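[1] how would this look folded up:
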Amino acid sequence: MDLRSELLKSIWYAFTALDVEKSGKVSKSQLKVLSHNLCTVLNIPHDPVALEEHFRDDDDGPVSSQGYMPYLNKYILDKVKEGAFVKENFDELCWTLTAKKNYRPEKNGKSILPPKDAFRLWCLFNFLSEDKYPLVMVADEVEYLLKKICMAMTVELNCVELEDFIAQDVQQSGVTVWVFLEMMNSGKLTRGIDKDVVSMAIEEVYREIVGDVLKEGYLWKRGQLRRNWTERWFTLRPSTLAYFTCEDRRDCKGNIALDGNCCVEVLPDRDGKRCMFCLKTLSKTYEMSASDTKQRQEWTTAIQTAIRLHAEGKKSLHKDLKLKRREQREQRERRRTAKEEELQRLRALQEEKERKLSELELLREAQKQAQVLLQQDEQRRRQQHEQLQQALEIQLQEAEQARATMQAEMALKEAEAERQRKRIRELEEMQQRLEEALSLEIKARHDEEDFRLAQAKLLVEEEEKMKALMSLQEEQEEYILKTQREKQELRQEMESKSRALEEAQRQLEEVRANRHRVDQDVVAAQRKLRQASTNVKHWNVQMNRLMHPIGPGEKRPSLGGSSFSSFRIPSQRDPGLRLRQKSESEESKENMETCSSGEADKRLSQKSNGEMDIP
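    Presented below is the predicted three-dimensional model:
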């Protein structure tokens, strides 16, 4: 069942809901609204003018379903792309239109199913119904759906109630969705079961059959980067294996695409995890752990089923199962029809047998009469046969004598012919030997001529190769002399470069020693600079105390820092600048000492004038 057939089933309910008078026709205004809503939920552009142009000849009255189908196929269904819309939203639109008219759960005074469960059962009914209109579901599919729901509730199906329902309400062609929903609302099959359990079972079956969910549940998954174990809610479909943070399926953590290159393997227990298995793809390997061995077996089997469906090009397991069940029903129907035809044929054969028995009795009477006549004819034939036999014996004796004479003549002629054939064979053998000797002589002469030509050619080639060998020997001698001269020059050049390399290494050692001494001088200068800075800060504090004594009840002013709170330490990365930095540090030290003495004089002068500068 393709996507178009699924959509047409829901649209058929919406169209028949708009047909209030059940005449098979709907007004164009209602079809405009329906078409606009269908385009909206299917995410395709809507052209309101197209409907008017398509039904230009139907201005006198409403439009029938046969007249609406060409427009529906051309302007709506041909533009639909699978995966571009949410199928559940589309079904909810059609359910809303048809439920207002046809679904009356409160007419019996009680309702077990909430609206959401009724909608899901309606979707399940559409999925399992036959591809014929009006839509009905056969008794086998009704039993299959009820068994799936009871299995999800972990209860056993009440076969007595089911047989009563099938006997009363299921017609020969099948049951309609409204009769099915009425039966579910009556509570005959769910007597004594909590409504929440029924709702959860319907949702599980809905997700399995309509949502193509092969299996769901919690599994422990190992991370790809941190390699830690996290519990995730997994949802398996024929093409993907998605995992979420919890079973509400809101926060999707990842999707694993399944194809023919994937495989499932069972792993031994390790890292404190048991019942482990892995899913291998072309790019990654996903390690997972189930709660027990049964769950691991169910998960591995379900994943292998999804991979098999993808390899066979099937998008839904239950669509395939539905087709198989339909084929089985058709086979049973064909067998039943064939059985009935066989019974009819057997009845006809029985009648034919009785008729033939009566005819056989008549034939037996006629046979008795014919047997008497046959005996009389047999006596006459015996007499004639004896006379003929005597005449034939006489002719046979004469023929034996003639045959003996003919055999003697044939033996003489056969001996003569054998001598002639032997002579001919000898002549043919002699001619064959002569022809073979002649052909061998001709072949020997040709071979001798070929050998002479090859010998002359080899002599010419030998002279040319001797000349080439002599020239190569001369070139080799010249090359040996040249190589010896170049070797001498190369040895002298290597000796000079070795001496230069030793000199450079010696200079490098001297430079390293000088750099080490300079580094030690810089460290000593830095140490002296830090000691001088500490002394300057100490004398500044002492001078401030002398210049501004603290009176009784007064607070000491906080020292925010001195003017010499920080000094720049030269970098030691460049060895060539070490000496210059050392001299600059000594000069900066002398300048700082001069500045410190100048600042002290300045502060003394400011104190005498009644002013104070706080560093």
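
[2] how far does whichever strand or helix holds Arg326 sit from its chain's centre?
    Using DSSP states H and E, Arg326 falls within helix 317-547. Computed by Cα atoms, centre = their mean, to the nearest Å, the chain-centroid distance of helix 317-547 equals 33 Å.

[3] ok, stretch 68-81 next?
    For stretch 68-81, the distance to the chain centre is 31 Å (Cα atoms, centre = their mean).

[4] state the mean pLDDT of it.
    Averaging pLDDT along stretch 68-81 gives 82.

[5] can you check stretch 197-214 too?
    86.

[6] cool, and stretch 84-95?
    In this model, stretch 84-95 carries a mean pLDDT of 87.

[7] can I get that stretch in PDB? Just the C-alpha atoms.
    Output of stretch 84-95 as PDB, limited to C-alpha atoms (Å, rounded to 0.1, in the frame of the first residue of the first chain):
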ATOM      1  CA  ALA A  84       7.600  16.700   3.700                       C
ATOM      2  CA  PHE A  85       4.600  16.700   6.100                       C
ATOM      3  CA  VAL A  86       3.400  15.100   9.300                       C
ATOM      4  CA  LYS A  87       1.100  12.200   8.500                       C
ATOM      5  CA  GLU A  88      -0.600  12.400  12.000                       C
ATOM      6  CA  ASN A  89      -1.700  16.000  11.400                       C
ATOM      7  CA  PHE A  90      -3.300  15.000   8.100                       C
ATOM      8  CA  ASP A  91      -5.100  12.100   9.700                       C
ATOM      9  CA  GLU A  92      -6.300  14.400  12.600                       C
ATOM     10  CA  LEU A  93      -7.800  16.800  10.000                       C
ATOM     11  CA  CYS A  94      -9.800  14.000   8.300                       C
ATOM     12  CA  TRP A  95     -10.700  12.400  11.600                       C
END
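
[8] give the other helices and strands that the helix holding Arg326 contacts.
    Using 3 or more Cβ pairs under 8 Å, 6 or more residues apart in numbering; DSSP states H and E, the elements in contact with helix 317-547 are helix 115-128, helix 139-152, helix 293-311, helix 578-608. C-beta coordinates here come from the backbone N, C-alpha and C atoms, glycine included.

[9] so where's the stretch 401-550 of the chain uncertain?
    Scanning the stretch 401-550 of the chain for pLDDT under 70 picks out 549-550.

[10] what of the stretch 51-200 of the chain?
    In the stretch 51-200 of the chain (pLDDT under 70), the answer is 55-63, 65, 106-111, 158-172.

[11] ranges for the helices of it?
    65-75, 87-102, 115-128, 139-152, 159-168, 177-186, 195-209 (DSSP state H, counting those that start in this stretch).

[12] dump those helices into a markdown table; add distance to Leu267 and mean neighbour count as well.
    Shown next, in a markdown table, are the helices of the stretch 51-200 of the chain (distance: least, Cβ to Cβ, whole Å; neighbours: other Cβ atoms under 10 Å):
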| stretch | distance to Leu267 | mean neighbour count |
| --- | --- | --- |
| helix 65-75 | 52 | 16 |
| helix 87-102 | 37 | 18 |
| helix 115-128 | 37 | 20 |
| helix 139-152 | 30 | 18 |
| helix 159-168 | 43 | 13 |
| helix 177-186 | 44 | 20 |
| helix 195-209 | 27 | 18 |
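
[13] export those as TSV, with columns for distance to Ile480.
    Formatted as TSV, the helices of the stretch 51-200 of the chain follow (distance: least, Cβ to Cβ, whole Å):
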stretch	distance to Ile480
helix 65-75	93
helix 87-102	90
helix 115-128	94
helix 139-152	96
helix 159-168	108
helix 177-186	105
helix 195-209	90
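
[14] His318 is nearest to which of these?
    Of all the helices of the stretch 51-200 of the chain, it is helix 195-209 that lies closest to His318, at 4.7 Å by Cβ to Cβ.

[15] who touches that closest one?
    By Cβ atoms under 8 Å, 6 or more residues apart in numbering, the surrounding residues in contact with helix 195-209 are 112-114, 116-117, 120-121, 123-124, 127-128, 145, 148-150, 152-153, 190, 213-214, 216, 318.

[16] following it, which helix or strand comes up?
    strand 215-222.

[17] Glu265 in helix, strand or coil?
    strand (DSSP: H, G, I helix; E, B strand; the rest coil).
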